[in-house]
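In: the sequence isn't on hand, but the structure is:
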């Protein structure tokens with residue numbers, strides 16, 4: 001019995017040796033044929049990536065705005081500035097005015113962004129965010145909220161909106177792939193929040209790079225879809 005178990009001769013062993021040898025030979029042949037093409041492709045990818053210069057100018061612009069306003073040193077989620085207005089805390093958001101986009105921003109139509117999805121917006125080369133100080137008795141950006149008001153005057157595209165003006169989130173568009181989100185904004189004196197048409201500015205969830213285009217495939221009304229201020233760009 002011991003001799004039987006130790007016996008390695010036979011047709012199966014011979015076949016296995018032949019098949020393994022053929023498989024190794026085929027693998028070496030494939031490597032020899034494909035290696036040249038793969039090497040050329042990898043070199044092309046290396047040359048392309050090494051030639052790309054990623055500009056961080058837009059982030060520096062955001063930092064400059066935050067520093068000049070004395071509320072932080074760079075991009076962060078919107079949060080309280082330590083100030084108060086009429087007894088409520090003041091939150092700082094960095095917003096982009098309509099002229100910061102080529103062709104403007106989508107208008108509000110039927111409480112959503114007008115037009116068909118995906119919405120594509122292109123940031124102007126000289127776009128620069130503006131700090132908006134707002135006051136609220138909660139931490140959410142609503143469509144209709146009497147306590148959601150400007151805590152300081154703000155000038156957008158030559159129009160000054162005074163402290164105390166109500167703020168309304170017109171709509172929210174977002175990119176399901178990247179998570180980028182933007183909410184259009186309206187401002188006005190005492191009103192019911194039911195404003196339609198062109199929006200004056202937008203709050204974005206992260207810095208928008210000048211000259212770059214962004215696509216948004218989701219479009220929702222802001223009514224009962226409130227977003228926390230921390231989801232939007234601010235100063236940290």
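Out: In hand now; what should we look at? Keep in mind that what you see is a predicted model, and the values were worked out from it rather than measured.

In: against residue 76, how distant is the residue nearest in space to the middle of the chain?
Out: Nearest residue to the geometric centre of the chain (C-alpha atoms, centre = their mean): residue 180, 2.6 Å. For residue 180, the distance to residue 76 equals 16 Å [C-beta to C-beta, to the nearest Å]. The C-beta positions use only the backbone N, C-alpha and C, and glycine is treated the same way.

In: same question, residue 220
Out: Distance, residue 220 to residue 76, by C-beta to C-beta: 25 Å.

In: mind checking the SS state of residue 24?
Out: At residue 24, secondary structure determined by DSSP: H, G, I helix; E, B strand; the rest coil is helix.

In: sorry, slip of the keys, the one I care about is residue 33.
Out: With three-state DSSP as the criterion, residue 33 reads helix.

In: contact partners for it?
Out: Neighbour list for residue 33: empty [criterion: C-beta atoms under 8 Å, 6 or more residues apart in numbering].

In: in stretch 77-93, what counts as buried?
Out: Residues of stretch 77-93 classed as buried by neighbour count (16 or more other C-beta atoms under 10 Å): 77-79, 81, 85, 88-93.

In: would JSON lines of those residues with distance to residue 106 and pLDDT be doable?
Out: Listed next are the buried residues of stretch 77-93 as JSON lines, based on distance: C-beta to C-beta, whole Å; pLDDT from 0 to 100:
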{"residue": "77", "distance to residue 106": "24", "pLDDT": "95"}
{"residue": "78", "distance to residue 106": "22", "pLDDT": "95"}
{"residue": "79", "distance to residue 106": "27", "pLDDT": "94"}
{"residue": "81", "distance to residue 106": "29", "pLDDT": "94"}
{"residue": "85", "distance to residue 106": "30", "pLDDT": "96"}
{"residue": "88", "distance to residue 106": "30", "pLDDT": "93"}
{"residue": "89", "distance to residue 106": "31", "pLDDT": "95"}
{"residue": "90", "distance to residue 106": "28", "pLDDT": "96"}
{"residue": "91", "distance to residue 106": "24", "pLDDT": "97"}
{"residue": "92", "distance to residue 106": "25", "pLDDT": "96"}
{"residue": "93", "distance to residue 106": "19", "pLDDT": "97"}
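
In: okay if I get these as a markdown table plus secondary structure?
Out: Shown next, in a markdown table, are those (three-state DSSP):
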| residue | secondary structure |
| --- | --- |
| 77 | strand |
| 78 | coil |
| 79 | strand |
| 81 | strand |
| 85 | strand |
| 88 | strand |
| 89 | strand |
| 90 | strand |
| 91 | strand |
| 92 | strand |
| 93 | strand |
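
In: out of those, which is nearest to residue 112?
Out: residue 93 (21.2 Å; C-beta to C-beta).

In: bridging residues for the closest one?
Out: residue 132 (DSSP bridges).

In: list the contacts of the residue nearest to the centre of the chain.
Out: 174, 204-206, 214, 216.

In: of those residues, the lowest pLDDT goes to which?
Out: Of all the contacts of residue 180, residue 206 has the smallest pLDDT value, namely 93.

In: nearest residue to that residue other than its sequence neighbours?
Out: residue 233 (5.8 Å; C-beta to C-beta, 6 or more residues apart in numbering).

In: repeat that for residue 221.
Out: Closest residue to residue 221 apart from its sequence neighbours, by C-beta to C-beta, 6+ apart: residue 111 at 4.2 Å.

In: okay, and for this structure, where does confidence drop off?
Out: 1, 4-5, 7-17, 30, 34-35, 37-38, 44-58, 192-193 (pLDDT under 70).

In: element containing the nearest residue to residue 78 once chain neighbours are set aside?
Out: In space, and not counting its chain neighbours, residue 78 is closest to residue 234: 3.5 Å by C-beta to C-beta, 6+ apart. Secondary structure assigned from DSSP states H and E places residue 234 in strand 233-235.
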